[in-house]
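K.L.:
model the following, please.
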Amino acid sequence: MRRTPPLESLWAFHVVAETGSLTAAAAALGVTQPAVSKRLRDLEALLGCALVRRGANALSLTERGRRFAAELGEGFARVQAATERLGAEAAPLRIRAYTTWALRWLIPRLPDFRQRHPGFEVEVGTSTAAVDLAREGVDAAVSTAPCGAPPSPFARRLQPVAVAPFATPPLARSWRSERREQQLLGSKVRQGDWPLWLRENRIRWEAKPLLFESTTLAIQAALEGLGAVICAPGYVRAELGDGRLLPLPGRVLRTGDCYWLTLPGGRIDGALQAFADWLMEQAAAEEALTAA
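P.N.:
As a prediction, this is how the structure comes out:
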């Protein structure tokens with residue numbers, strides 16, 4: 001029974017076939033040219049046939065060598081693809097997003113993603129700064145930008161940014177009669193939401209909103225009774241459900257911005273493709289719920 005050739009000899013022949021040169025193959029493999037020649041001779045001896053023709057200043061493959069090189073190339077390509085898939089499954093996806101969106105929208109949904117894709121893990125980081133995926137080692141990022149102006153050629157639209165005001169029951173009940181005495185709460189990241197909403201609902205307001213570093217902090221301030229917060233309705237769905245917050249009179253405002261999922265350029269697969277598909281599905285369901 002013929003034994004399987006050593007992997008180093010097979011790889012050496014594959015590199016020689018790819019480069020067409022013993023010298024180039026030796027450089028790629030990090031060994032000497034005689035070492036590559038010996039691996040080829042050993043492989044030919046084991047297989048019992050010539051794989052290359054050696055000339056004074058040139059090297060070419062025999063017919064059997066060409067067929068063998070083609071099949072080896074396919075085999076090594078499959079090994080490489082399997083290795084990349086395994087690595088993608090083992091390494092967690094690194095997702096960058098705004099704090100409030102991550103805390104109040106993404107993370108509550110992640111158990112569903114894990115249940116559907118038990119082999120994939122997601123690591124969530126937060127920042128309001130623009131992200132360079134390749135430089136920072138981030139797989140994908142979620143941010144807001146105008147609905148007609150994606151932040152990247154490789155960005156996918158998730159859903160429109162819609163906002164409305166909410167307050168504790170005591171403040172909500174007194175909103176119509178004492179609203180000018182109440183404090184408006186918002187985020188520095190989205191400091192234009194209150195002016196837009198007030199203008200859309202034809203409400204004049206002189207005092208400036210109190211702005212926090214994040215909408216998460218503004219929501220907590222509203223829960224403590226410090227004022228009325230403006231945010232996406234989905235951010236406070238739990239608080240609306242248990243009655244800690246109530247919606248204030250007025251229409252939900254679409255701001256003209258959208259959430260976008262920015263992906264790296266080129267083909268994506270494995271965990272990142274699964275996450276992107278799942279996220280698009282979740283966003284579509286949320287948008288349909290908001291529009292209902």
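K.L.:
can you count the residues close to Gly48?
P.N.:
Neighbourhood size, Gly48 [other Cβ atoms under 10 Å]: 7. Quick note: C-beta positions are derived from backbone N, CA and C, even for glycine.
K.L.:
against Pro5, how distant is it?
P.N.:
Separation of Gly48 from Pro5 (Cβ to Cβ, to the nearest Å): 11 Å.
K.L.:
ok, Cys49 next?
P.N.:
12 Å.
K.L.:
and these two? which has more neighbours close in?
P.N.:
Pro5 (16 against 12).
K.L.:
the more buried one against Leu43, yeah?
P.N.:
Yes - with contact defined as Cβ atoms under 8 Å, Pro5 reaches Leu43; the gap is 5.5 Å.
K.L.:
could you spell out the sheet neighbours of the longest strand seen in the chain, each with its direction?
P.N.:
Longest strand in the chain by number of residues (criterion: DSSP state E): strand 155-167. Sheet pairing of strand 155-167 (DSSP bridges) gives strand 228-231 (antiparallel), strand 246-247 (antiparallel), strand 253-262 (antiparallel).
K.L.:
dump these into CSV; add mean pLDDT, mean neighbour count and distance to Trp105 as well.
P.N.:
Listed next are these as CSV, based on pLDDT from 0 to 100; neighbours: other Cβ atoms under 10 Å; distance: least, Cβ to Cβ, whole Å:
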stretch, mean pLDDT, mean neighbour count, distance to Trp105
strand 228-231, 96, 27, 11
strand 246-247, 96, 16, 18
strand 253-262, 94, 20, 9
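K.L.:
mind checking the ones you listed for the one nearest to Phe113?
P.N.:
Smallest distance to Phe113 across the strands paired with strand 155-167 (Cβ to Cβ): 13.7 Å, for strand 253-262.
K.L.:
next SSE downstream of that closest one?
P.N.:
Of the helices and strands lying after strand 253-262 in sequence (DSSP states H and E), the nearest is helix 270-291.
K.L.:
now that next one: mean pLDDT?
P.N.:
Taken as a whole, helix 270-291 has a mean pLDDT of 88.
K.L.:
and it, what does it pack onto?
P.N.:
Under the contact criterion of 3 or more Cβ pairs under 8 Å, 6 or more residues apart in numbering; DSSP states H and E, helix 270-291 touches helix 63-90, strand 93-97, helix 110-116, strand 140-146, strand 155-167, strand 253-262.
K.L.:
just for the protein, where's the confidence low?
P.N.:
Applying pLDDT under 70 to the chain picks out residues 1-2, 56-57, 83-90, 178-180, 290-292.
K.L.:
against Phe113, how distant is the residue nearest in space to the middle of the chain?
P.N.:
In the chain, the centroid-proximal residue (Cα atoms, centre = their mean) is Ala140; its distance is 2.5 Å. Using Cβ to Cβ, we find Ala140 at a distance of 13 Å from Phe113.
K.L.:
overlap of the contact sets of the two?
P.N.:
Shared contacts of Ala140 and Phe113 (Cβ atoms under 8 Å, 6 or more residues apart in numbering): Phe275.
K.L.:
which outside residues touch stretch 214-231?
P.N.:
Against stretch 214-231 from outside (Cβ under 8 Å, 6+ apart): 98-100, 103-104, 163-168, 170-172, 175, 182-187, 189-190, 193-194, 197, 209-212, 235-236, 239, 244-245, 248.
K.L.:
give the buried residues for it.
P.N.:
For stretch 214-231, the neighbour count (16 or more other Cβ atoms under 10 Å) marks 214-219, 221-223, 226-231 as buried.
K.L.:
what do you get for stretch 124-144?
P.N.:
Val124, Val131, Leu133, Val138, Asp139, Ala140, Ala141, Val142, Ser143, Thr144.
K.L.:
what's the end-to-end length of that stretch?
P.N.:
Length of stretch 124-144, first residue to last, Cα to Cα, to the nearest Å: 17 Å.
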